[in-house]
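Undergrad: test case, fold it:
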Amino acid sequence: MTDSPVPLIPAADLAQRLDQGQRVQVLDIRAADRVAQGRVTLGATLDFRALAASHLYQLPTLESLGLDPRAPVAVICGHGNSSAKATRFLRERGFEAYSVAGGMAAWETVYLPRRIFPGPSPVPAIEHLIQIDRVGKGALSYVLVSDGDAVVVDPGRHLEPYEALLDHLGATAAAVIDTHMHADYLSGARAAAARWQVPYFVHPDDARSPFDGTQGRFTYHPLTEGDTLAFGRATLVAAHVPGHTLGSTALVVEKSFALTGDFLFVHSVGRPDLGGHRDAWAAQLWNSLERVRGEWSGDLLVLPAHYASETERRADRGVAARFDVIGATNEAMSLKDREAFLEWVREHSTPPPDSYRTIKLANLGLAEVSDADAEMLEFGPNACAVS
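TA: Numbering: from 1, shown residues only. As a prediction, the model looks like this:
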């Protein structure tokens with residue numbers, strides 16, 4: 001083997017290719033336990049294989065891998081170091097291999113923006129409604145623009161993708177909102193509000209620790225039931241829907257669509273156990289579901305903050321569904337009896353990830369987290385739905 005540089009593919013480029021339906025073979029050379037914690041899962045055309053690097057180099061031939069030498073191979077590891085050696089190994093054997101720059105650490109920072117309304121917006125007051133997909137976590141945030149004023153909802157900690165999008169849209173941030181205090185990722189909302197000098201909104205019930213009631217150490221504007229936030233020519237109205245968290249809030253925009261945070265997903269609902277009060281919060285979640293069943297119209301478009309699999313996508317790759325469709329296809333929403341719902345939650349409860357308590361406390365300003373710690377804490381897909 002030589003020490004010549006190997007061809008690289010940025011993680012964002014890999015994501016774009018998969019999202020656009022291009023066939024790409026991905027070879028993950030990390031240890032099996034690391035692959036189980038989180039891997040590339042994006043797109044219907046993904047051709048995924050995993051084999052630890054130590055085993056790869058011991059193969060007498062590469063036939064058992066089943067790789068197609070006529071199609072590109074993206075080799076991925078943790079941070080892009082081991083994959084460079086494996087890429088050279090494959091290229092010397094005739095494969096069009098590329099090392100994923102930055103590895104899975106870079107994959108976790110990829111944010112893909114998608115227009116929910118590809119053509120002219122059916123909501124005149126909203127010029128742009130952009131869903132931003134953090135593909136490594138299945139986390140969704142949003143940028144809404146009206147007359148050049150933008151509201152950013154549930155942003156991740158990497159602010160550059162949002163700033164690039166605002167610049168592309170010719171929009172200026174007017175407010176930042178968290179629909180709830182996140183447990184699976186470190187919110188960028190407070191940092192964004194400070195950098196852009198705009199207000200940060202969150203429900204006051206989520207401004208304190210659910211574990212012991214300690215008040216969070218940060219400045220915010222309370223967003224409570226019925227509050228209306230105007231931006232440009234548009235308005236959004238807060239609907240308090242506790243259950244996933246005590247302060248969980250849906251944002252209903254122009255009576256046409258709702259950003260539901262982790263309250264309601266396309267195929268499930270937000271798990272009520274992340275604050276350590278599963279049964280009590282499950283009862284609140286039931287009440288919230290009953291409320292929206294009675295108040296929301298069937299044609300209201302639901303835009304959640306997470307997804308669990310590719311099956312929750314529309315044909316245009318966005319994650320969204322009409323409320324009446326969710327009512328007919330979402331298992332939790334199909335349960336019309338309170339006790340049956342509470343039993344369903346109990347039967348589908350799994351231990352929450354150990355990192356979620358630390359992440360929630362960090363989002364409250366009650367714990368300090370370094371960049372290196374953030375990478376480790378956030379790694380892997382979200383586990384925010386009852387599953």
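Undergrad: nearest the middle, which residue of the protein would you pick?
TA: Averaging the C-alpha coordinates of the chain gives a centre point, and the residue nearest to it by Cα atoms, centre = their mean is Ala139 (0.3 Å).
Undergrad: give me the low-pLDDT residue ranges for this structure?
TA: Across the chain, the stretches falling below the confidence threshold (pLDDT under 70) are 1-4.
Undergrad: returning to that earlier point: ok, the residue nearest to the centre of the chain touching Asn382?
TA: Yes - judged on Cβ atoms under 8 Å, Ala139 makes contact with Asn382 at a distance of 5.9 Å. Backbone N, C-alpha and C define where each C-beta goes, glycine included.
Undergrad: which residues do the two both contact?
TA: Applying Cβ atoms under 8 Å, 6 or more residues apart in numbering, one finds that Ala139 and Asn382 are jointly contacted by Asp184, Tyr185, His306.
Undergrad: which of those fall in helices?
TA: Where the shared contacts of Ala139 and Asn382 are compared with helices, as defined by DSSP state H, there is no overlap at all.
Undergrad: what's the helix or strand where Leu377 lies packed up against?
TA: Under the assignment given by DSSP states H and E, the secondary-structure element containing Leu377 is helix 371-378. Of the remaining helices and strands, those touching helix 371-378 by 3 or more Cβ pairs under 8 Å, 6 or more residues apart in numbering; DSSP states H and E are helix 355-363.
Undergrad: who does the helix it packs on touch, helix- and strand-wise?
TA: Other helices and strands packing on helix 355-363, by 3+ Cβ pairs under 8 Å, 6+ apart, are helix 371-378.
Undergrad: between the helix it packs on and helix 355-363, how many degrees?
TA: Interaxial angle of helix 371-378 relative to helix 355-363 (axes from the mean of the first three to the mean of the last three Cα atoms, to 10 degrees): 130 degrees.
Undergrad: what's next to helix 371-378, contact-wise?
TA: By Cβ under 8 Å, 6+ apart, the surrounding residues in contact with helix 371-378 are Ala105, Glu108, Lys137, Arg157, Asp184, Tyr185, Leu186, Ser355, Thr358, Ile359, Ala362, Val369.
Undergrad: out of these, which are buried?
TA: Burial of the contacts of helix 371-378 was assessed by neighbour count (16 or more other Cβ atoms under 10 Å); the buried members are Ala105, Glu108, Lys137, Arg157, Asp184, Tyr185, Leu186, Ser355, Thr358, Ile359, Ala362, Val369.
Undergrad: how about the helix holding Leu377: buried residues?
TA: Ala374, Leu377, Glu378.
Undergrad: closest to Thr41 among the residues you listed?
TA: For the buried residues of helix 371-378, the closest approach to Thr41 (Cβ to Cβ) belongs to Glu378, at 16.1 Å.
Undergrad: gap between the closest one and Tyr307?
TA: Here Glu378 is placed at a distance of 17 Å from Tyr307 (Cβ to Cβ, to the nearest Å).
Undergrad: could you count how many residues lie near Gly247?
TA: The criterion is other Cβ atoms under 10 Å. On that basis, Gly247 has 24 neighbouring residues.
Undergrad: quick one: contacts for it?
TA: Taking Cβ under 8 Å, 6+ apart as the definition of contact, the neighbours of Gly247 are His180, Met181, Val202, His203, Pro204, Asp205, Asp206, Ala207, His240.
Undergrad: also Thr329?
TA: With contact set as Cβ under 8 Å, 6+ apart, Thr329 has these partners: His267, Ala321.
Undergrad: same question, Ala50
TA: Leu27, Asp28, Ile29, Arg30, Ala32, Val35, Arg39 are the contacts of Ala50 under Cβ under 8 Å, 6+ apart.
Undergrad: of those residues, grab the buried ones for PyMOL.
TA: Taking 16+ other Cβ under 10 Å as the burial criterion, the selection of buried members of the contacts of Ala50 in PyMOL is written as:
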select buried, resi 27+28+29+30+35+39
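Undergrad: out of the contacts of Ala50, which are inside strands?
TA: Here DSSP state E is the test, and these give Leu27, Asp28 as lying in strands.
Undergrad: name the nearest of the contacts of Ala50 relative to Phe95.
TA: Closest approach between those and Phe95, by Cβ to Cβ: Leu27, at 9.3 Å.
Undergrad: hang on, the closest one packs against Ser82?
TA: No - contact status for Leu27 versus Ser82: not in contact, 11.5 Å apart, counting by Cβ under 8 Å.
Undergrad: sorry, back to before: so of the contacts of Gly247, which ones are in strands?
TA: For the contacts of Gly247, the ones inside strands are Val202, His240, with DSSP E as the criterion.
Undergrad: out of the contacts of Gly247, which are buried?
TA: Of the members of the contacts of Gly247, the ones counted as buried by neighbours, 16+ other Cβ under 10 Å, are His180, Met181, Val202, His203, Asp205, Asp206, Ala207, His240.
Undergrad: export these to TSV and tack on distance to Asp279?
TA: Rendered in TSV, the data for those read as follows (distance: Cβ to Cβ, whole Å):
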residue	distance to Asp279
His180	19
Met181	20
Val202	25
His203	21
Asp205	18
Asp206	20
Ala207	24
His240	20
